[in-house]
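Q: curious how this folds, go ahead:
(chains A and B)
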Amino acid sequence: MKTEIQLDARDLHLLDGGEGPAMKFAMELVHNAARVMEAGRLIDVSFAHIDACFYSGRAHLDFVNYLLDYGAKLAAPAWTNSGLVSLHDPSLRSGDDTTAREARRLMEAYEHLGCKPVWTCAPYQLPGRPAPGDQIVGSESNAVTFYNSVIGARTNKYGDFLDVAAALTGRVPDAGLHRDEARQANLVFTLDEVPESLRREDLFFHLLGHIVGAKSGSRIPAITGLPKSTSEDNLKAISAAVAASGGVALFHAVGITPEAPDLEAACQGHEPVETNPITPADLVCARKTLSSAADGPTNMVALGTPHFSFTEFRDLVTLLDGRATAANTHLLVTTSRHVCDLIRANGWLEGLEKAGTKIVVDTCSYFSPAINGLKGRVMTNSAKWAYYAPGMLDIEVTFGSLKECVETAISGETWRDPGLSDDALGQRP
Amino acid sequence: MTGTALQGRVLHAGTATGEVLLLDAPLSFWGGFDPRTGTILDQQHPQAGESIGGKILALRETRGSAGTPAAIAEAIRRGCGPLAFLMVRPDVNVVTGVKVAAHLYGQTVPVVTIPDAEFERLQDGRELEILADGIITIR
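A: Alright, predicted model coming up:
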């Protein structure tokens, strides 16, 4: 059971307290993680996405204050995940005032530590993202899956505190998804039975991710048959859904993602253990699971889990087509400051706000105050949101395509696309 | 198995004596657990509503979430964390949460793993003693 872990001179210097007690503790956390994971050595990382800035209690604040008090310094560039509150909009508050105050102080503390304050769960939408093969630190589950799968960077899913410790030391255990052999697909999903036109619908990628995640657990799936037109927004939807319904931290989309030019490459030359055909009936069933409430009058439409991208805003503007939302129906979109600046610069923000759209930055909506206290029916286009929100908020959820969400926001009542009905799904070309 | 001892793998050393709370399903400490009270919140979990506070928590694995270490450290800080973790899968998140609680608050909550076959034999409600070297005695 005992593994000797190779440490370099700087690792030993940190462990000896040469850069103070906070850096010593950070190195101890990384070193101990290597022991638990039975890694033989530590490796350098070039980037970190930090989740520990998302407040869940006083321990979060005590940890970062300890680091600041003892002069801890980041060795790798670190960007922040969404926070519990929006620093941009103080009128949005979550939970009681102490929680909101401490959540804000936590976010400010990570800025003081030197993190880049991007406050987003979709940091891969911003310029300056990692390159294929880069060893990095991911934490938020959809971003871990996106980095591994779509970008081809390498990370395990690092929990709070260890994410920060790894960014401070610039080191992680050489284990798990950092290594070639752990990245091989071991089960395959085929789409031959799914009509081709359906494989291009935004709704399809959420449902596919939900099904693949639930069947894969923490294994590594390869998906064959996705169209060449599959976009990063589509891959984001899969990433978020597989990491919600399952523990998938890496998937391969054959012909699309960098480590899967073909199925053989995705499986690293091994025979897949298991092949699962996905059928239109599976998609119908997944939609029933996610759309857990009956259709009807709708209090809110929640978009942007993970954070809405520039291209998703473009689609939203097109679908809204200048129309306003119903008087009693809120349309809430969560996004990053960066993307919000882009849509402002593009002249879309004012029109969206006039149409009744509320755009929230820095945070997420299944625990956001904009939705706290709200009861009733909420529609979302996100499988991840539909999966988590009913447990977090006192609401009922319907799930639909982006177009269905937009039409529902405008009419105030669940609108269903006849082309996506249960019967139509199997009969499309 | 009264009085029998078994050797676990120590992921965080410490001693604990107390009653076992044997979880029938993996738990998500973020979202599925309230660190303010130590209560299992996840309504899908067979033991929803039970408190892990003051128990030797036996669970095969956690449902991994980035928020896990902070939720564990917070529960320990508030005095409603478990006395020890007895697991099958070595879990970096649990160990990290426990290490941070030890460092910041001086509270030791041991983490020990045992093989699945031994875990199978654990009984809910039985008294266990865990020693710093990973020896576990069923009383």
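Q: report the spatially nearest residue to the closest residue to chain B within the stretch 51-200 of chain A, omitting neighbours in sequence.
A: Taking C-beta to the nearest C-beta as the measure, the point where the stretch 51-200 of chain A comes nearest chain B is A:Gly57, at 3.3 Å. Every residue, glycine included, has its C-beta placed from N, CA and C. Once flanking residues are discounted, A:Gly57 sits nearest to B:Glu74: 3.3 Å by C-beta to C-beta, 6 or more residues apart in numbering or on different chains.
Q: now the phi/psi pair for the one you found, please.
A: Main-chain torsions, B:Glu74, degrees, to the nearest 10: phi -70, psi -40.
Q: and B:Leu86, by the same measure?
A: Per-residue torsions, B:Leu86: phi -120, psi 110 (degrees, to the nearest 10).
Q: what sits against it?
A: Residues near B:Leu86 by C-beta atoms under 8 Å, 6 or more residues apart in numbering or on different chains: B:8, B:20, B:56-59, B:112-114, B:119, B:122, B:128, B:130, B:136.
Q: quick one: secondary structure of the spatially closest residue to it that is not a sequence neighbour?
A: Sequence neighbours aside, B:Ala58 is the residue nearest to B:Leu86 in space, at 4.4 Å (criterion: C-beta to C-beta, 6+ apart). Here B:Ala58 is strand, with the state taken from DSSP: H, G, I helix; E, B strand; the rest coil.
Q: show me what B:Ala58 is bridged to.
A: For B:Ala58, the beta-bridge partners are B:Leu22, B:Leu86 (DSSP bridges).
Q: that one: what's it in contact with?
A: Going by C-beta under 8 Å, 6+ apart, B:Ala58 touches B:20-23, B:86-87, B:119, B:122.
Q: do A:Leu177 as well
A: Applying C-beta under 8 Å, 6+ apart, we find A:Leu177 in contact with A:148, A:154-156, A:183, A:249-250.
Q: count the residues that sit near the nearest residue to it once chain neighbours are set aside.
A: In space, and not counting its chain neighbours, A:Leu177 is closest to A:Asn156: 5.2 Å by C-beta to C-beta, 6+ apart. A:Asn156 has 25 neighbouring residues, counting by other C-beta atoms under 10 Å in any protein chain shown.
Q: what's the answer for A:Val248, then?
A: Neighbours around A:Val248, by other C-beta under 10 Å: 28.
Q: tell me the helix or strand right after the lowest-mean-pLDDT helix or strand in chain A.
A: For chain A, using mean pLDDT, DSSP states H and E, the weakest element among its helices and strands is helix A:383-392, scoring a mean of 86. From helix A:383-392 onward toward the C-terminus, using DSSP states H and E, the following helix or strand is strand A:395-399.
Q: quick one: buried residues of whatever helix or strand comes next after that next one?
A: Going down the chain from strand A:395-399, the next helix or strand is helix A:402-411, by DSSP H and E. For helix A:402-411, the neighbour count (16 or more other C-beta atoms under 10 Å in any protein chain shown) marks A:402-410 as buried.
Q: show me chain A divided up by domain.
A: Using automatic domain parsing, the domain parsing of chain A gives A:9-181, A:184-288, A:291-420.
Q: tell me which residue in chain B sits closest to chain A.
A: Taking C-beta to the nearest C-beta as the measure, the point where chain B comes nearest chain A is B:Glu74, at 3.3 Å.
Q: quick one: pLDDT of that residue?
A: You'll see B:Glu74 listed with a pLDDT of 97.
Q: what do you get for the one 4 residues further on?
A: As summarised for this prediction, B:Arg78 has a pLDDT of 97.
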